[in-house]
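Enquirer: curious how this folds, go ahead:
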Amino acid sequence: MDKVKESEQQFREGDWGVKYMFRGPKIDWGVISVPAGQCLGGHYHEETEETFYILEGQVTFYVNGAPHLLVAGDAVRLEPLEGHRVVNESDGPVKMVFIKCPYLPQDKFDV
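Expert: Coordinates of the predicted model:
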């Protein structure tokens, strides 16, 4: 068994962004925090599928350029090759969980 505490993990952007809880050997997963007015850059995966579950707030996912408004309690799964970008166009923060499977750390392509 592996155990981690979210409070002991670091966000990629300091106080927001991606925070990995586990990386491999079979999945990547963690939490994402996006303050109002911020976004996470667009990318896609060639082999990895990615699932998101919105814990708090509302956020716009752009999937292959089309906007999709997601709110707390919503979950989405993206297939490989589906380009996606996360934009917080709301007035409040967003917190969500992400899961990527299989674990392929090089399988990310910016768009």
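
Enquirer: where does the chain dip in pLDDT?
Expert: Within the chain, no stretch falls below the threshold (pLDDT under 70).

Enquirer: so what's residue 28 closest to, chain neighbours aside?
Expert: Nearest non-adjacent residue to residue 28, counting by Cβ to Cβ, 6 or more residues apart in numbering: residue 100, 4.2 Å away. All C-beta atoms are positioned from the backbone trio N, CA, C, and that covers glycine.

Enquirer: could you measure from residue 53 over to residue 95?
Expert: 10 Å (Cβ to Cβ, to the nearest Å).

Enquirer: and the residue nearest the centre of this protein?
Expert: Nearest residue to the geometric centre of the chain (Cα atoms, centre = their mean): residue 98, 4.7 Å.

Enquirer: okay, and the nearest residue to it once chain neighbours are set aside sits in which element?
Expert: Using Cβ to Cβ, 6+ apart and skipping the chain neighbours, the partner closest in space to residue 98 is residue 52 (5.2 Å). Using DSSP states H and E, residue 52 sits within strand 49-56.

Enquirer: sheet-wise, list the partners of that strand with their directions.
Expert: Here strand 49-56 has these sheet partners by DSSP bridges: strand 75-78 (antiparallel), strand 94-101 (antiparallel).

Enquirer: for it, list every residue counted as buried.
Expert: 50, 52, 53, 54 (16 or more other Cβ atoms under 10 Å).

Enquirer: now do stretch 68-77
Expert: The neighbour-count check on stretch 68-77 (16+ other Cβ under 10 Å) flags 70, 76 as buried.

Enquirer: ok now the strand holding residue 52, how far from the chain's centre?
Expert: Chain-centre distance of strand 49-56: 6 Å, with Cα atoms, centre = their mean, to the nearest Å.

Enquirer: dump the C-alpha coordinates for that strand into PDB.
Expert: The C-alpha trace of strand 49-56 is given here as PDB (Å, rounded to 0.1, in the frame of the first residue of the first chain):
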ATOM      1  CA  GLU A  49      -7.400   8.400 -21.700                       C
ATOM      2  CA  GLU A  50      -8.100  11.100 -19.000                       C
ATOM      3  CA  THR A  51     -11.000  11.400 -16.600                       C
ATOM      4  CA  PHE A  52     -11.900  14.500 -14.600                       C
ATOM      5  CA  TYR A  53     -14.300  14.800 -11.700                       C
ATOM      6  CA  ILE A  54     -15.300  18.400 -10.600                       C
ATOM      7  CA  LEU A  55     -15.200  18.700  -6.800                       C
ATOM      8  CA  GLU A  56     -15.800  22.500  -6.400                       C
END
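
Enquirer: with that, I have no additional questions.
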